[in-house]
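Engineer: Attaching a predicted model along with its sequence, questions to come.
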Amino acid sequence: MGVKMKKRLILFGMAALVASGIILHSPAALAQSSTAGLQAASAVSKEVSSLEDGTYQVQVNLWNATADKASMGNAALNPAAVLTVKNGKGTLKLEFKGMTFAGMTGYLSQLDLMTNIEYNEFSYPEKYDTIPATVISTHDYVDEYNSENSTDDRVRGKKYPKELSIPVEPGQEYTWVHVYVPVMGSFGAGDQEARIKVDYSTIKKVVEEVKPTLTLKKASFSIAVGKTATIKATAAPTGTITYKSANTKIATVSKKGVIKAVKKGTVKIAVTCNGVKKIVTVKVK
């Protein structure tokens, strides 16, 4: 068997697997599956649609468009996603990698959010508009499909996306997407509909670490011998601020930050709180 013929057979097998949701499911089964998915989405929505603003970790899957199971391309999607909610609107950050099947490696080259969807009698999208996902980062991988000499106009000379983000409705379990996979496109089956399934039972809010700060109103003083001055420091979060003079023979400092000039010279005073250290320079005249 020739290499080209073997490749065609492999691609045919891949196309058949992608299309299997349609081929192997009757209209009744398809309608039942779609209805169950919509009901599940509504149930979850009631519980988590009021998510407060913040960043969340959540598990996701690339779900079959016509059956209640993972898509063949699910292995290319990192199950750990990041959901950001701001003013009640959600943005889902997804990460994709290459996927090997039957000795061939394929990458997703395009992902679009499906909007204004018109469904047929089996609850399957018949007409829709698309909004391209926002590409955050890309893979450096180059193959025959995205090389400068590729015959695929849609991906020629372009990098495959690694991280993407799409707008989502917080609490909605399924989000319809359109994808394009060039290795499948070479067989005329590159465009596919699928669903991003968000498992809200795994959602966990990311607690962002607040870095402490220490602000000085003045970082240097010039004081005459025998005189005093006060260091004014503000810490966030609040904490105990400590002061230490590097040379108490020139100037001392109290627990409240009051400097007392002892003799002429220059000295540094360390101001510390919550692990943050600042230096105050004192010149005694």
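Structural biologist: Now that the structure is in, tell me what you want to look at.
Engineer: Point out where the chain drops to low pLDDT.
Structural biologist: 1-49, 186 (pLDDT under 70).
Engineer: Which residue ranges of it form helices?
Structural biologist: 3-23, 27-48, 182-185 (DSSP state H).
Engineer: Alpha carbons of the last one, as PDB, please.
Structural biologist: Output for helix 182-185, consisting of C-alpha atoms alone and laid out as PDB, is shown next (Å, rounded to 0.1, in the frame of the first residue of the first chain):
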ATOM      1  CA  PRO A 182      -6.200  21.400   9.300                       C
ATOM      2  CA  VAL A 183      -5.300  17.700   9.300                       C
ATOM      3  CA  MET A 184      -9.000  16.900   8.900                       C
ATOM      4  CA  GLY A 185      -9.400  19.800   6.500                       C
END
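Engineer: chain center to it, what's the gap?
Structural biologist: 26 Å (CA atoms, centre = their mean, to the nearest Å).
Engineer: What is the end-to-end distance of stretch 66-74?
Structural biologist: With CA to CA, to the nearest Å applied, stretch 66-74 spans 14 Å between its terminal residues.
Engineer: now stretch 52-68
Structural biologist: Rule used - CA to CA; the end-to-end distance of stretch 52-68 is 30 Å.
Engineer: Show me what counts as buried in it.
Structural biologist: Tyr56, Val58, Gln59, Val60, Asn61, Leu62, Trp63, Asn64, Ala65, Thr66, Ala67, Asp68 (16 or more other CB atoms under 10 Å). Quick note: C-beta positions are derived from backbone N, CA and C, even for glycine.
Engineer: For the second one, which residues count as its bridge partners?
Structural biologist: Bridge pairing for Val58 (DSSP bridges) gives the partners Ala81.
Engineer: now do the one 4 residues further on
Structural biologist: According to DSSP bridges, the residues that bridge with Leu62 are Ile196.
Engineer: Tell me how far it lies from Gly90.
Structural biologist: 18 Å (CB to CB, to the nearest Å).
Engineer: again with Lys158
Structural biologist: Taking CB to CB, one finds Lys158 at 27 Å from Gly90.
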